[in-house]
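Student: got a sequence here, can you build the structure:
(one chain, ligands or ions: 2)
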Amino acid sequence: MSDDKSSETPQTGLENLMREERRFEPPAELAQNANVTAEVYDEASADRLAFWAKQAERLHWTEPHQEVLDWSNPPFAKWFVGGKLNAAYNCVDRHVEAGNGDRVALHWVGEPADDTRSLTYAELQDEVCRASNALTELGVAAGDRVAIYMPMIPETVVAMLACARLGAPHTVVFGGFSADALASRVVDCGAKVIITADGGYRRGAASALKPAVDEACEKAGDIVEKVLVVRRTEQDVEWTEGRDVWWHEAVGNQSTSHDAQGFDAEHPLYVMYTSGTTGKPKGILHTTGGYLVGTSYTHWSVFDLKPETDVYWCTADVGWVTGHSYMVYGPLSNGATQVMYEGTPDTPHKGRWWEIIQQYGVTIFYTAPTAIRTFMKQGEEIPNEFDMSSLRLLGSVGESINPEAYVWYHRVIGGDRCPIVDTWWQTETGQIMVSPLPGVTAGKPGSAMKALPGISAAVVNDEAQAVGNGSGGYLVLTEPWPAMLRTIWGDDERFKDTYWSRFPGKYFAGDGAKLDDDGDIWLLGRVDDVMNVSGHRLSTTEIESALVSHPKVAEAAVVGATDDTTGQAVCAFVILRESALKDGEEAPDSLIEELRKHVQKEIGAIAKPRQIMVVQELPKTRSGKIMRRLLRDVAEHREVGDVTTLADSSVMSLIEKGMSSSSED
Ligand code: ATP
Ligand code: MG
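Tutor: Numbers count the residues shown, from 1 in each chain. Ligands and ions are numbered 1, 2, ... in the order given. Predicted structure coming up:
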């Protein structure tokens with residue numbers, strides 16, 4: 001361990017958690033029939049650009065490219081230079097033309113019971129064409145930005161594809177965000193149209209969306225010319241004549257034919273704002289050709305998708321990048337059949353997700369560690385009531401999956417038979433970057449394993465040198481990749497500063513990582529969150545995983561708080577499993593002490609938390625990531641910072657109250 005306090009590189013290993021050598025080899029049947037084989041790594045490293053050019057052939061182009069990559073002006077990349085394609089045509093029409101129009105594209109499940117709808121590719125094509133014609137009539141042309149502020153309903157996917165078809169970049173804003181958040185994004189990217197709904201169903205009730213749109217339009221001044229409103233909940237809405245238009249009136253009567261024009265590979269496809277875990281969200285720009293190649297190939301290879309037989313379900317909201325790359329563009333470009341669910345996992349009962357898996361025979365399931373830990377907390381009796389034998393592959397995204405949660409997911413949800421792909425990527429990367437290939441790479445609980453074929457990742461030290469196996473550092477991407485962000489919308493300087501200045505010539509993702517003795521990658525958490533205790537750098541992921549490995553703990557968040565003697569001290573916030581305490585019982589001091597000792601045993605005395613607080617909830621972004629910066633504010637008795645992307649702001653006041661009443665030792 002280093003004593004260099006100036007550096008933030010996390011250096012402690014995950015030795016204890018890795019030591020157990022839990023390793024899941026690919027199941028024989030999957031390995032034999034997998035979409036890709038081990039040779040693909042060699043093929044890609046022999047000629048990376050030829051490899052991506054080959055993947056581009058999986059799509060339909062109206063003009064072929066002349067050059068695979070133009071990297072003459074880094075960090076501004078151009079992929080498939082001169083190529084032209086239409087993203088919506090690739091996601092919809094070409095499947096119909098190939099004779100698969102009758103295949104279900106979306107099995108949509110509303111939150112209210114029995115509120116379901118299935119759309120075939122042919123029906124999706126009709127809807128997308130109608131919506132494209134309607135948007136054209138409303139004045140939307142190539143290059144215009146359109147904001148989409150919708151619940152999880154089929155029209156949301158249709159709206160995105162219609163924008164893509166017209167070459168009008170969309171910016172999808174999560175339906176749970178406030179009017180302010182919507183307004184700031186509308187202003188930032190200059191959206192002239194907003195597509196919304198009267199509301200949607202969440203947690204057993206209809207919630208409204210239109211009032212926030214009205215407020216956002218007011219705040220945004222005269223930017224927004226038209227608001228297209230889907231009727232979903234039948235609630236009353238305020239109406240602004242001349243601006244507001246009903247979807248069923250504008251779209252319903254349109255023709256179902258629409259000629260999809262090819263756009264330049266570098267034509268903007270969408271702007272997506274990051275989750276805001278570390279600060280103000282950044283408007284990430286993705287373009288058409290490289291993005292579609294990257295998402296389509298990774299969806300097909302990482303999820304081993306067999307479009308004829310699989311039923312795929314990604315639980316992400318469409319308001320996040322995962323909902324873009326692995327619910328819309330990746331799966332649809334591959335002709336997948338998928339499930340889309342409107343509501344929350346616990347409505348009307350805590351087994352709702354498992355019931356949907358049973359009902360639709362879901363084979364591939366992709367969710368986030370935050371959800372898995374919530375189910376762990378509730379206990380395995382709930383999923384055990386359902387038949388999930390259709391599942392064959394599981395995925396995880398959003399945060400490191402603690403080894404304990406991985407093993408639980410593997411056993412309880414995957415019935416000990418489904419491999420897990422722990423996929424590391426970001427809004428900025430557009431596509432999955434580090435992940436096992438399920439028929440090829442073994443899975444190790446807690447490790448995202450290897451850079452995918454065609455992706456060049458490294459773990460480097462402060463001097464930008466690659467670290468050896470067994471060492472930690474910063475995760476960087478050393479070569480451009482097709483779905484990479486092209487810039488931060490309207491702010492090239494911020495793009496260069498944020499991602500390309502820390503290690504010149506390399507993309508710095510902001511995450512710490514470590515290579516194990518086999519050279520496999522373990523994500524250690526964000527470097528902003530790394531703690532420095534008496535000169536020892538400790539990773540949040542490591543200590544949190546140690547806490548979660550205790551049988552009474554379901555979830556943990558760890559931060560460093562200023563400490564007079566050690567510089568920083570470890571403060572932990574834990575959620576206990578429901579079985580750990582009797583109803584209404586307070587966590588006894590003896591349990592807190594047991595947890596402190598558990599961390600000491602797992603990692604070492606240096607990591608033993610100064611303080612552990614038992615909480616009911618943790619502050620999370622709307623995308624389910626723990627916001628440690630807010631907990632750091634609490635631990636250091638500061639006023640809590642920006643909470644606009646917090647899922648539930650009341651969580652913070654409860655934690656602050658608890659903190660002031662708990663004693664520190
Ligand atoms: P912001 O950049 O605004 O602070 P954010 O980083 O949370 O928000 P996203 O792009 O949604 O926004 O999240 C990407 C980040 O999520 C990664 O940088 C990483 O920290 C974390 N992450 C995603 N998947 C994994 C994974 N499989 N293992 C570990 N960390 C992951
Ligand atoms: Mg980020």
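Student: now the strand or helix carrying Lys601 - C-alpha only, CSV.
Tutor: Element membership of Lys601, judged by DSSP states H and E, is helix 589-602. Listed next in CSV are the C-alpha coordinates belonging to helix 589-602 (Å, rounded to 0.1, in the frame of the first residue of the first chain):
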residue,chain,number,x,y,z
ASP,A,589,-24.9,-1.5,19.7
SER,A,590,-23.6,-5.1,19.7
LEU,A,591,-24.6,-5.4,16.1
ILE,A,592,-22.9,-2.2,15.1
GLU,A,593,-19.7,-3.5,16.8
GLU,A,594,-20.1,-6.9,15.1
LEU,A,595,-20.3,-5.1,11.7
ARG,A,596,-17.2,-3.0,12.5
LYS,A,597,-15.3,-6.1,13.4
HIS,A,598,-16.5,-7.9,10.3
VAL,A,599,-15.0,-5.2,8.1
GLN,A,600,-11.8,-5.4,10.1
LYS,A,601,-11.7,-9.1,9.6
GLU,A,602,-12.5,-8.9,5.9
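Student: measure the closest residue in space to Glu385 that isn't next to it in sequence to ligand 1 for me?
Tutor: Computed as C-beta to C-beta, 6 or more residues apart in numbering, the closest residue to Glu385 that is not its neighbour in sequence is Gly351, at 5.9 Å. (Each C-beta comes from the backbone N, C-alpha and C, glycine too.) Distance of Gly351 to ligand 1, computed by C-beta to the nearest ligand atom, to the nearest Å: 26 Å.
Student: likewise Phe508?
Tutor: On the measure of C-beta to the nearest ligand atom, Phe508 and ligand 1 end up 11 Å apart.
Student: next: Arg629.
Tutor: For Arg629, the distance to ligand 1 - C-beta to the nearest ligand atom - is 9 Å.
Student: mind listing what Gly227 touches?
Tutor: Just so we're on the same page, residue 227 is Val rather than Gly. The contact partners of Val227, by C-beta atoms under 8 Å, 6 or more residues apart in numbering, come to Val193, Ile194, Ile195, Thr196, Val213, Cys217, Thr240, Arg243, Asp244, Val245.
Student: now narrow those residues to whatever sits close to ligand 1.
Tutor: Filtering those for proximity to ligand 1 by C-beta under 6 Å from any ligand atom leaves nothing.
Student: and those, which two are the farthest apart?
Tutor: The most widely separated members of those, counting by C-beta to C-beta, are Ile195 and Thr240 (15.2 Å).
Student: which of those two has more neighbours?
Tutor: Ile195 (31 against 12; other C-beta atoms under 10 Å).
Student: got the contact list for the more buried one?
Tutor: Going by C-beta under 8 Å, 6+ apart, Ile195 touches Val146, Ala147, Ile148, Tyr149, Met150, Ala159, Val227, Leu228, Val230, Trp247.
Student: can you redo those residues as CSV with distance to ligand 1, secondary structure and pLDDT?
Tutor: Formatted as CSV, these follow (distance: C-beta to the nearest ligand atom, whole Å; DSSP: H, G, I helix; E, B strand; the rest coil; pLDDT from 0 to 100):
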residue, distance to ligand 1, secondary structure, pLDDT
Val146, 22, strand, 98
Ala147, 18, strand, 98
Ile148, 18, strand, 98
Tyr149, 18, strand, 98
Met150, 19, coil, 97
Ala159, 21, helix, 98
Val227, 27, strand, 98
Leu228, 27, strand, 98
Val230, 26, strand, 98
Trp247, 29, helix, 98
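Student: could you identify the buried members of these?
Tutor: With burial judged by 16 or more other C-beta atoms under 10 Å, the buried subset of the contacts of Ile195 is Val146, Ala147, Ile148, Tyr149, Met150, Ala159, Val227, Leu228, Val230, Trp247.
Student: between these, which sits nearest Glu137?
Tutor: Distances from Glu137 to these, taken as C-beta to C-beta, are shortest for Leu228 (10.6 Å).
Student: what is that closest one paired to in the beta sheet?
Tutor: Ile195, Val245 (DSSP bridges).
Student: could I get the contacting residues of it?
Tutor: Shown in contact with Leu228 (C-beta under 8 Å, 6+ apart): 134-135, 138, 159, 193-196, 245-247, 250-251.
Student: could you turn the buried ones of those residues into a ChimeraX selection?
Tutor: In ChimeraX, this line selects whichever of the contacts of Leu228 come out buried by 16+ other C-beta under 10 Å:
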select :134,135,138,159,193,194,195,196,245,247,250,251
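Student: closest to ligand 1 out of the contacts of Leu228?
Tutor: Taking C-beta to the nearest ligand atom as the measure, ligand 1 lies nearest Ala159 of the contacts of Leu228, at 21.4 Å.
Student: can you tell me how far the closest one is from Tyr270?
Tutor: Using C-beta to C-beta, to the nearest Å, Ala159 is found at 12 Å from Tyr270.
Student: shared neighbours, the two?
Tutor: Listed as contacting both Ala159 and Tyr270 by C-beta under 8 Å, 6+ apart are His170.
Student: TSV please, covering the contacts of Val227 and showing pLDDT.
Tutor: What follows is those, written out as TSV (pLDDT from 0 to 100):
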residue	pLDDT
Val193	98
Ile194	98
Ile195	98
Thr196	98
Val213	98
Cys217	97
Thr240	98
Arg243	98
Asp244	98
Val245	98
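Student: what about whatever residue of the stretch 451-600 of the chain ends up closest to ligand 1, neighbour count?
Tutor: Closest to ligand 1 within the stretch 451-600 of the chain is Leu523: 3.6 Å, counting by C-beta to the nearest ligand atom. By other C-beta under 10 Å, 23 other residues sit near Leu523.
Student: alright, calling it a day.
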